[in-house]
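A.B. asks: Here's a sequence, model it:
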Amino acid sequence: MLKSNQTLKSLVIAVGVGALFTMAPAKAEDASATAAYKDIQATLGSVPDMFKTLPDVAVAGAWAEIKSVQLNPKTALDGKTKELMGLAVASQIPCQYCIYFHTQAAKLNGASDEEIKEAVTMAAIVRHWSTMLNGSQVDLATFKKQTDQVFAAVKAKSQ
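C.D. replies: Reported below is the predicted structural model:
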């Protein structure tokens, strides 16, 4: 009887797993790659090859992510700030494609050469201290306490 129950249990699991594989794949907002490509074309004037590197099921979601955050002027961060952040991250990855793109996009959004240099420098400073703190295994609780003390002192001086 025990073997029969185990066989039945295995069969139920197998049927359940099989059912998962026959389900329709999830689609980002049920938008098709064709519709996404059409919107990319309308928005950017062309469809860059970077979108064509994606499988069709990922195109609509990738475009929705870019359009709703990076290209959206109604988010909490303005376009220049977003692109300077993109450049800083790209500098640390490092990604030559992203560095070129975000530098040009930052300039298009009004960033000066000095702001671009500063964004890259900030990325370098953060990376430097991250390396030092992590490599030295500085205690996080102590670091947080000391940071809070520094900011409290700075705030008190500014008032």
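A.B. asks: Low-confidence stretches in the chain?
C.D. replies: Low-confidence segments of the chain (pLDDT under 70): 1-31.
A.B. asks: go with 90
C.D. replies: In the predicted model, the chain carries pLDDT under 90 at residues 1-32.
A.B. asks: separation between Lys117 and Leu87?
C.D. replies: Applying C-beta to C-beta, to the nearest Å, the value for Lys117 to Leu87 is 10 Å. All C-beta atoms are positioned from the backbone trio N, CA, C, and that covers glycine.
A.B. asks: out of the two, which sits in the busier spot?
C.D. replies: Per other C-beta atoms under 10 Å, whichever of Lys117 and Leu87 has more neighbours is Leu87, with 25 against 10.
A.B. asks: any idea what sits nearest that one, other than its immediate chain neighbours?
C.D. replies: For Leu87, ignoring the flanking residues on the chain, the nearest one in space by C-beta to C-beta, 6 or more residues apart in numbering is His102 at 3.9 Å.
A.B. asks: so Thr75 makes contact with Met85?
C.D. replies: No. Judged on C-beta atoms under 8 Å, Thr75 makes no contact with Met85 at a distance of 12.0 Å.
A.B. asks: Show me which of those two is the more surrounded one.
C.D. replies: Between Thr75 and Met85, Met85 has the larger neighbour count (other C-beta under 10 Å), namely 16 against 13.
A.B. asks: check which helix or strand covers the more buried one.
C.D. replies: Element membership for Met85 (DSSP states H and E) is helix 79-92.
A.B. asks: tell me which residues in that helix are buried?
C.D. replies: 79-91 (16 or more other C-beta atoms under 10 Å).
A.B. asks: which helices and strands sit right next to that helix?
C.D. replies: When contacts are defined as 3 or more C-beta pairs under 8 Å, 6 or more residues apart in numbering; DSSP states H and E, helix 79-92 sits against helix 96-108, helix 113-135.
A.B. asks: burial count for the closest residue in space to Lys67 that isn't next to it in sequence?
C.D. replies: Nearest non-adjacent residue to Lys67, counting by C-beta to C-beta, 6+ apart: Thr43, 6.9 Å away. A count of neighbours around Thr43, defined by other C-beta under 10 Å, yields 13.
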